[in-house]
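Novice: Sequence first, predicted model second:
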Amino acid sequence: MSVTGTAQQGDHQRDQADVELRLPADSAYASVLRTTTAGLAARLDFTIDDIEDLRIAVGEASALVLPEADPGTDLICRFYLSPGELTISVGVAAAVAPAPDFDSFAWQVLTTLATSATATTEGGLFVVTMTMQSSIATSG
């Protein structure tokens, strides 16, 4: 497992994550991803309800990508922090590019909870990206 931090909050380019987390591509590590997500969202002053929604959403993103991971590879999670907004990409190396299952329960939950979500397969990677805006930022 490795974690890297690169930029100050709100001072980043979209091609470089503020935080990157690499975990073994195994569902046993999903709790580490959920906890990291909750900590970063709290740092951005997300509400308790928003944080719980994010925890569930990243769990569902993991459920979508982990079955497609090549054996022995990492789950790569990138976090892009902005005031009132958190974008998270969750991806795995997948030699056989899977077609995202947009009818799955996991995708339905993810898109219900996140402000926006996409799934892509390119360059040997299967990546689910979601953005969540704080309910405080959107209400005020």
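Specialist: Perfect, I can see it now.

Novice: Distance from the chain centre to the helix or strand hosting D53, please.
Specialist: Assigned by DSSP states H and E, D53 falls within helix 48-65. How far helix 48-65 lies from its chain's middle: 8 Å, per C-alpha atoms, centre = their mean, to the nearest Å.

Novice: Report all helices and strands that it contacts.
Specialist: helix 30-43, strand 74-82, strand 85-93, helix 105-113, strand 116-122, strand 125-133, helix 135-139 (3 or more C-beta pairs under 8 Å, 6 or more residues apart in numbering; DSSP states H and E). From N, CA and C alone the C-beta is placed, and that goes for glycine too.

Novice: Highest mean neighbour count out of these?
Specialist: Greatest average neighbour count among the helices and strands packed on helix 48-65 goes to strand 85-93 (a mean of 23), per mean count of other C-beta atoms under 10 Å.

Novice: Pull the residues that contact that strand.
Specialist: Outside strand 85-93, the residues that touch it by C-beta atoms under 8 Å, 6 or more residues apart in numbering are 17, 25, 33, 37, 40-41, 44, 46, 54, 58, 61-62, 65-66, 68-70, 73-80, 115, 124-134, 137.
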